[in-house]
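Visitor: Pasting a predicted model and its sequence here:
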Amino acid sequence: MSVRNPRIRHLRAYTVDAQGGADYHDQPAGHWIDDHIATPMSVYPEYRQSRQSFGIDVLGSLVVEAEADDGTVGFAVTTGGEPAAWIIENHLARFVEGAPAAGLERIWDQMYRSTLFYGRKGLVLNAISGVDLALWDLLGKLREQPVHALLGGPVREEQVFYATGARPDLAESMGFIGGKMPLRHGPAEGEEGLRANVEAMTSMRERVGDDFFLAYDCWMSLDVPYATRLGHRLAGQGVRWIEEALPPDDYWGYAELRRNLPPGMLTSTGEHEAGRLGFRLLLDMDCADILQPDVGWCGGLTELVKISALADAHGKLVVPHGSSVYSYHFVITRHNSPFAEFLMMAPQADEVVPMFSPLLLDEPVPVGGRLTLPDTPGFGVRLNPECALRRPFQH
Ligand SMILES: C[C@H](O)[C@H](O)CC(=O)C(=O)O
Ligand SMILES: [Mg+2]
């Protein structure tokens, strides 16, 4: 079989006129994911009840398409919406169009170096991630290989999952190995809020079996003293980790919290970190036991490979944040990623629905908490033609 190695002819960035999709916080009213969850904005009472009230869903989904000169099209979805589309069309496209489709490292390096003066993390790395994932999808399609095969191949037959959502008890009955709940109250809600946070976990522990692990996702909402108290109040309840307790830049705080938590309770973070140097800082400063890069935000798969290798060398686990197939194809290829996250996107977290619904077709979901990835080329998903795309900044 001859290897096709064409060049990339076009790079296109779209926004999506539909709720949900890759911007999974963009959900209708009444969804568990927007129901009084602690955030950095919880210090302001008027922004406590709804994360949409402070704009968690302002960006929207982004679709990136990369077309090779033989007409093959790779694509990826992530968040970033219109601002990321602008960066891609007006800045990043020049490093992609005309480059060999197999030139992922060089393209990534040029996108990163050329945006350093305004990028480094956040939205720019989100945009770079979208382009990088579209290029991996394209390469897989050109090589007629699934992305997990391009990454070296699976290290296990099937992937096991924990579930994130409001109902770990239901997730247990669906076969997941653990459940992570959103923390509802931040430090500004005082002793009453702390008591409610502890009671919610205690009551969930009573509803699940001893072997089912639980975790708390704090979405950057706490400070070291509060997170330490929370950890100690939860000791003995089978809480496996406290996630993203602090703002992402507080490396010092994470290191202190990791030292403070009771034995056996792990710290995790990294969902809003980006780039191998950001993760190196987390590792060098001993901030966490589990790193949780989001492949749609941290720099894409090209960067995640490096982040994972660094973590592995430090004896740390990498359990990527959400991101559906883009995570699954990676996790199945790495020993230090023994399980994956599944975000429960059903409004009441009472059934398994595709994480990026309705944007993708053929998006696989765990059945009985497990998933065997198909061998379909690329990431193995298609865009749902019923989701209208808009290309706001054609270059
Ligand atoms: C549930 C969390 O607040 C957030 O929406 C998702 C997340 O941080 C995670 O899945 O991890
Ligand atoms: Mg999280």
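Guide: Yep, that arrived. Ligands and ions are numbered 1, 2, ... in the order given.
Visitor: So what's the predicted local confidence for residue 2?
Guide: pLDDT recorded at residue 2 is 51.
Visitor: is stretch 177-185 anywhere near ligand 2?
Guide: No: counting by C-beta under 5 Å from the ion, ligand 2 has no neighbours in stretch 177-185; the shortest distance is 7.4 Å. Glycine gets a C-beta too; all of them are placed from N, C-alpha and C.
Visitor: tell me the mean pLDDT for that stretch?
Guide: 98.
Visitor: Off-centre distance for that stretch?
Guide: Distance of stretch 177-185 from the chain centroid (C-alpha atoms, centre = their mean, to the nearest Å) equals 16 Å.
Visitor: For the residue lying closest to residue 223 once chain neighbours are set aside, which residues are in contact?
Guide: Of all residues not flanking residue 223 in the chain, residue 187 sits nearest, at 5.9 Å (C-beta to C-beta, 6 or more residues apart in numbering). Taking C-beta atoms under 8 Å, 6 or more residues apart in numbering, we find residue 187 in contact with 43, 193, 221, 222, 223, 226.
Visitor: which parts of this structure sit against ligand 2?
Guide: Within the chain, the positions adjacent to ligand 2 are 217, 271 by C-beta under 5 Å from the ion.
Visitor: let's go with 8 Å and repeat that
Guide: Counting by C-beta under 8 Å from the ion, the residues of the chain close to ligand 2 are 164, 180, 217, 219, 243, 244, 271, 292, 321.
Visitor: Adding neighbour count and distance to ligand 1, write these out as JSON lines.
Guide: Formatted as JSON lines, the residues of the chain next to ligand 2 follow (neighbours: other C-beta atoms under 10 Å; distance: C-beta to the nearest ligand atom, whole Å):
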{"residue": "164", "neighbour count": "26", "distance to ligand 1": "4"}
{"residue": "180", "neighbour count": "25", "distance to ligand 1": "7"}
{"residue": "217", "neighbour count": "23", "distance to ligand 1": "5"}
{"residue": "219", "neighbour count": "21", "distance to ligand 1": "4"}
{"residue": "243", "neighbour count": "26", "distance to ligand 1": "6"}
{"residue": "244", "neighbour count": "26", "distance to ligand 1": "6"}
{"residue": "271", "neighbour count": "21", "distance to ligand 1": "6"}
{"residue": "292", "neighbour count": "23", "distance to ligand 1": "7"}
{"residue": "321", "neighbour count": "25", "distance to ligand 1": "5"}
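Visitor: Those residues in strands, which ones?
Guide: Of the residues of the chain next to ligand 2, the ones assigned to strands by DSSP state E are 164, 180, 217, 243.
Visitor: what bridges to the first one?
Guide: Per DSSP bridges, the residues bridged to residue 164 are residue 180, residue 343.
Visitor: so what does the biggest helix by length in the chain touch, helix or strand wise?
Guide: In the chain, with assignment by DSSP state H, the single longest helix is helix 122-143. For helix 122-143, the packing partners by 3 or more C-beta pairs under 8 Å, 6 or more residues apart in numbering; DSSP states H and E come out as strand 8-16, strand 61-68, strand 73-79, helix 81-87, helix 104-114, helix 147-150, helix 301-313.
Visitor: give me every residue that touches the residue in the stretch 201-350 of the chain that ligand 2 sits nearest to.
Guide: Nearest to ligand 2 in the stretch 201-350 of the chain, going by C-beta to the ion, is residue 217, at a distance of 4.3 Å. Going by C-beta under 8 Å, 6+ apart, residue 217 touches 164, 180, 181, 182, 183, 243, 244.
Visitor: quick one, what contacts residue 346?
Guide: Counted by C-beta under 8 Å, 6+ apart, residue 346 has contacts 352, 353.
Visitor: could you redo the last one with a cut-off of 6 Å?
Guide: residue 353 (C-beta atoms under 6 Å, 6 or more residues apart in numbering).
Visitor: For it, grab phi and psi.
Guide: Dihedral pair for residue 346: phi -70, psi 140, per degrees, to the nearest 10.
Visitor: So for it, what's the pLDDT?
Guide: Model confidence at residue 346, given as pLDDT, is 98.
Visitor: what do you get for residue 142?
Guide: pLDDT, residue 142: 97.
Visitor: Also the one 3 residues further on?
Guide: Residue 145 is assigned a predicted lDDT (pLDDT) of 98.
Visitor: For it, the count of nearby residues, please.
Guide: Neighbour count of residue 145, defined by other C-beta atoms under 10 Å: 17.
Visitor: contacting residues for the residue lying closest to it once chain neighbours are set aside?
Guide: Leaving aside its chain neighbours, residue 145 sits nearest to residue 377 (6.0 Å; criterion: C-beta to C-beta, 6+ apart). Counting by C-beta under 6 Å, 6+ apart, residue 377 touches 140, 141, 144.
Visitor: Isn't the first one up against residue 380?
Guide: The one in question is residue 140. No: with contact defined as C-beta atoms under 6 Å, residue 140 does not count as touching residue 380 (8.4 Å).
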